[in-house]
Every structure is written in C-alpha cells, then in structure tokens.
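[1] the following comprises the amino acid sequence and a computationally predicted model.
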Amino acid sequence: MWPVPYDGGVDLHLVTYFVAVVDHGGITKAAQALYISQPSLSQAIRTLERRLGTTLFDRSGRRLTLTEDGRTLEVAARRILADVERAKQKVAAVRDLQAGRVEIVTYATFSIHPIIEFVQRFRQQYPSLTVRVNDAEGPAGVHAALRRGEAEIGITDLSVEHAGMITKHVLDQEMVLALHPDLATDVPEPITRAEVREFPLVLDLGSRASAARTGELLGEQNVVVDCSNQAALWQFVERGTAGTVVPRRVAEKQIPGAVVRSLDPPFRRPVGLVMRPGELSPAAAAFVATTTSTTWEA
C-alpha cells in the first residue's frame, strides 16, 4: 500500500493526469492527448507524488512503469473518475430535465382541484420527472414546510397573507353551493350569501383560511358538520346531510348527483403558487413555468 492513502484532498485534475500517463504509457503521449505541455504534465505528476508522499512511477527504464503504490492508486483513481463521471451525468440529466423530482406541498382543500390538473399537465410535458405532493395543515402548514425546505412549491389560497414568500396567481375558483336534490327544492338559482347563512352546511373549519374563505357564508349555527376529510365531506352531501361550498369543478365532477347553485354575488377564491425567495431547482422551475403559462378552467 502507498504510505498516504488517497482521502479526497488531491486535486481531481492530478488524478486525471495520472490515469492518462498510465493509459498512454508515458508523459509525452499523455501530454499530447491532454493538450498540455510535457513539462507541465511532468510537474503535475511530481506534485501528486509529493502530496501522497510516495513514488508512483519507476523511472529507471526507458518506459515509465507503475510502482506498487502506483498500482494501488490506479485502482482507486479509476474508481474516482468513474464516480465523478456518473455524478456529472446525473447532474446533466437534472439540468436538462431528464431526471429529478418536484417537491410540492398543499392541503386537503386543493387535493383534487387544481392539483391533479397541475401535475397531469406537468407530467405530459416532462414525463421523465416525478412529483411528490406533501400534505400540510392549511396555509400555515404550507409556509412551515417551505421554510423547512421540505418542499419548493406550495399550492394554496392567495387570499391569505403570504409574508416573505413569492406568489404567482394561477386561477380563480368559482365557489358554489352543492347539495342533495332533496334539499334543493326551494333553493333559488342563484342563492344569496345571506340565504346561505341560513342553510345547513358541512365545511372544513380546521384552519383560519377555511374560516376566512367562507366567512360571509357562516351563520350562527348553519355549520352542522365540521369535516377536514374531503371525501367524507362529499359523502355527507351525497347522503343529504347538508350542503357544502366547493369549487364548481369539484361539485360537478366529484359529488355525483349534487345540485349546484351559484352564489350571489359570485364568490371566487384565488389559487396560486407560493415559493421561498431564491433560485428553484430545474424541475421546480419547469413546474412553475408550465403551471403559470396555462389557462386553467376554474
């Protein structure tokens, strides 16, 4: 073994030069292949030997031959260069959007719409990239996940303050009243917000954002079920327990048989992306570009 093992402190270019000398059988041909002068390459090899504290080549003959320590270094050097090349390929793949993952954080309100459409459109354009969707407790949870670095992009309600974050508006969801046909008999189209305050509702009031979003629709006792599980919430509506206030797209596509009533005046919720200041990863930047350049159905 060589006296001083390679520990990563040797410059990578010296390792490259060493392997080139081995492959070309001498300084002259290696220098030509590397497009550097022969004296410069000779000095580089001497520097490598000095740093490692050993002799790598036997110079007694007409042709350089490896010493025992040189042969040991050759095995390690080729492994190092192969690892570096693989790392370069991985970095290039991420940079060129041929590999990588986007970390997104949102909460139950947006778990169906618009997150599914956002991810679907992104995957259509970048099939080699993956998306991880993390769950949070409302806008505050989205902010916390972004600050901790658990995600790069948040999908949230932009009517809530997002101090210290960069926001990009994407769409406005039209909020409507969805209810079972048995409850819709005497409900006008559209229904005023004052009338909604008298109507039994099932809503998610688990966060300030939820309460703020529906503030003008809340009466003293019209929320008969407070439910944070979206699938269960829709089941309550399907079974006629109460109505709910959801985006029109959700009411029409996710709650079979529900009757939809528009709100008067209309109630629209701004939805968009939230990010920490700073440069995004290539995959995250592509997600933002894809999402913000598309016209989405509200």
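    Looks like it came in fine.

[2] low-confidence ranges in this protein?
    1-10, 93-94, 96, 206-216 (pLDDT under 70).

[3] could you chop it up by domain?
    Under the assignment named as automatic domain parsing, the residue ranges that make up the domains of the chain are 12-95, 101-171+270-292, 173-269.

[4] so can I have a markdown table of those showing mean neighbour count and distance to Ala298?
    To be clear about C-beta, it is placed using only N, CA and C from the backbone, and glycine gets the same treatment. Below are the domains of the chain laid out as a markdown table (neighbours: other Cβ atoms under 10 Å; distance: least, Cβ to Cβ, whole Å):
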| stretch | mean neighbour count | distance to Ala298 |
| --- | --- | --- |
| domain 12-95 | 15 | 34 |
| domain 101-171+270-292 | 18 | 5 |
| domain 173-269 | 17 | 5 |
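
[5] and stretch 90-108, end to end?
    34 Å (Cα to Cα, to the nearest Å).

[6] identify the residues contacting that stretch?
    115, 119, 122, 126, 128-139, 141-142, 145-146, 150-156, 204, 207, 228-230, 281-284, 286-287 (Cβ atoms under 8 Å, 6 or more residues apart in numbering).

[7] go again using 7 Å as the cut-off
    By Cβ atoms under 7 Å, 6 or more residues apart in numbering, the surrounding residues in contact with stretch 90-108 are 115, 126, 128-138, 141-142, 145-146, 150-156, 204, 228, 230, 281-284, 286-287.

[8] which of the residues you listed fall in strands?
    Thr130, Val131, Arg132, Val133, Asn134, Asp135, Ile153, Gly154, Ile155, Thr156 (DSSP state E).

[9] and the furthest pair within those residues?
    Greatest spacing in the ones in strands among the contacts of stretch 90-108, by Cβ to Cβ: Thr130 and Thr156 (21.7 Å).

[10] ok, the ones in strands among the contacts of stretch 90-108 vs Ala20, which is closest?
    The closest of the ones in strands among the contacts of stretch 90-108 to Ala20 turns out to be Thr130 (Cβ to Cβ; 38.3 Å).

[11] what's the distance between the closest one and Thr291?
    Using Cβ to Cβ, to the nearest Å, one gets 16 Å for the distance from Thr130 to Thr291.

[12] ditto for Pro270
    For Pro270, the distance to Thr291 (Cβ to Cβ) stands at 14 Å.

[13] and stretch 63-72, end to end?
    Distance between the two ends of stretch 63-72: 19 Å, counting by Cα to Cα.

[14] distance from it to the middle of the chain?
    48 Å (Cα atoms, centre = their mean, to the nearest Å).

[15] please apply the same query to stretch 174-192.
    38 Å.

[16] how about the strands of the stretch 151-298 of the chain, start to end?
    Ranges of strands in the stretch 151-298 of the chain, per DSSP state E, counting those that start in this stretch, are 153-157, 166-179, 191-192, 201-203, 223-226, 244-247, 259-261, 263-264, 267-275.

[17] need those strands in CSV (columns: distance to Val102).
    Formatted as CSV, those follow (distance: least, Cβ to Cβ, whole Å):
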stretch, distance to Val102
strand 153-157, 7
strand 166-179, 15
strand 191-192, 39
strand 201-203, 30
strand 223-226, 32
strand 244-247, 23
strand 259-261, 33
strand 263-264, 34
strand 267-275, 11
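
[18] now the ones in strands among the contacts of stretch 90-108 as CSV including distance to Phe236?
    CSV is the format used below for the ones in strands among the contacts of stretch 90-108 (distance: Cβ to Cβ, whole Å):
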residue, distance to Phe236
Thr130, 34
Val131, 30
Arg132, 30
Val133, 25
Asn134, 26
Asp135, 21
Ile153, 31
Gly154, 28
Ile155, 25
Thr156, 24
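
[19] closest to Phe110 among those?
    Ile155 (5.4 Å).

[20] what distance do you get for the closest one to Tyr107?
    Computed as Cβ to Cβ, the Ile155 to Tyr107 distance reads 9 Å.

[21] got any residues that touch both of these two?
    Common neighbours of Ile155 and Tyr107, counting by Cβ under 7 Å, 6+ apart, are absent.
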